[in-house]
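Q: I would like to see how this sequence folds:
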Amino acid sequence: MKSQSAQAWKTPLLLAVLVIIWGVSWPIYKIALQYTPPILFAGMRSLLGGIILVFFLLPTWKKLNFRANWSRYLLSAILNITCFFGFQTVGLLYLPGGLFSVLVYFQPVLIGLFSWLWLGENMNPLKIAGLLIGFLGIVVISAQSFTGDVSVLGVVLALLTVLAWALGVIYIKKQSTRVDSMWMVAMQCILGGAILTVVGARTESFGDIVWSGSYLGGLAFGTVLGVPLAFSIYYKLVNGGDASKVASFTFLVPLIAVLCGTVFLREPLTYSLLAGLVLIVLSISFVNYKGGKSKKPALTQNL
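A: Model prediction:
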């Protein structure tokens, strides 16, 4: 009875930790990026985070099975680290942060669609409505940031970001029975981080890094919490349950980010934030409602 009670609290606790980590990471990285080139910052925090995770995974090194799984590790790294962080970093140069975050957090909607198509997860009108309402909540929260001309290139990069992330999540879920999830996270961080660091070294300069407390704090946060721990929690939750339901909780991330900006960066608190909160809570309720279900058989082809 005690173990069941502990298990009942485990998933909500992990979800809360994940949302808080990703939510506070936006203002932390925003401050750190004032002191470092963006691609190098993304690459270094991913690479270092992967190395730290490997250190803790060494007792289970036999589960790595690199010779058999290297192609899976590489594809996961390209989708979830190189493309996701790379497109995101460059795209933020062309779009306001609010608009970019709206496009990126279309991801739960894509996850719902892809999970239905490729994983055979349940889908019903209420769940679809919940995903769309959650996205509307993100739009409402970030509406105040929609200023200036919209760059077509920025929109394309944002859409590539969300597509890479969604496909990466589905790919890891499909491979969860063949590859140890923790080693998958570690290897994707190392391989993807190495690629980004090399690209950053060729296009940016290590000499432009200002080794300030803000930069080191942001790098340490990403290295320990923002990349390895957050990704480990996220994929553990996705592999252990309904991917679209887990993804629906990430609608809370921009809300946490805006609240942190209000508290720590003195950004304004608006009625749109409260309206967005209501929509997001309604969205999560709809997506996780255990009502009538319809199911489409999973397609047999691999990604």
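
Q: What is the burial count for Leu279?
A: 21 (other CB atoms under 10 Å). Where you see a C-beta, it was placed from the backbone N, CA and C, and this is true even at glycine.

Q: Can you say which helix or strand has the closest residue to it other than its chain neighbours in it?
A: Of all residues not flanking Leu279 in the chain, Gly137 sits nearest, at 3.3 Å (CB to CB, 6 or more residues apart in numbering). Using DSSP states H and E, Gly137 sits in helix 125-142.

Q: Mind listing what's buried along that helix?
A: Using 16 or more other CB atoms under 10 Å as the test for burial, helix 125-142 gives 127-128, 130-142.

Q: my guess is Val17 meets Tyr234, correct?
A: No. Applying CB atoms under 8 Å as the test, Val17 and Tyr234 come out as separate, 10.3 Å apart.

Q: Where does pLDDT dip in the chain?
A: Residues of the chain that meet the criterion pLDDT under 70 lie in 1-8, 96-99, 102, 142-150, 261, 265-270, 273, 289-303.

Q: where do the helices sit along it?
A: Ranges of helices in the chain, per DSSP state H, are 2-32, 38-57, 66-77, 84-91, 97-104, 107-118, 125-142, 152-174, 181-203, 213-221, 230-240, 243-248, 252-264, 271-287.

Q: which strands and helices sit next to the shortest one?
A: Spelled out, that is helix 243-248. helix 107-118, helix 125-142, helix 152-174, helix 230-240, helix 271-287 (3 or more CB pairs under 8 Å, 6 or more residues apart in numbering; DSSP states H and E).

Q: try it again with 6 Å
A: With contacts taken as 3 or more CB pairs under 6 Å, 6 or more residues apart in numbering; DSSP states H and E, helix 243-248 sits against helix 107-118, helix 271-287.

Q: what's in contact with the longest one?
A: Read it as helix 271-287. Contacts to helix 271-287, defined as CB atoms under 6 Å, 6 or more residues apart in numbering, come from residues 126-127, 129-130, 133-134, 136-137, 140-141, 143, 245, 248, 251, 255, 258.

Q: 10 Å instead, please
A: Residues from elsewhere that reach helix 271-287 (CB atoms under 10 Å, 6 or more residues apart in numbering): 15, 108, 112, 124-144, 242, 244-249, 251-255, 258-259, 262, 270.
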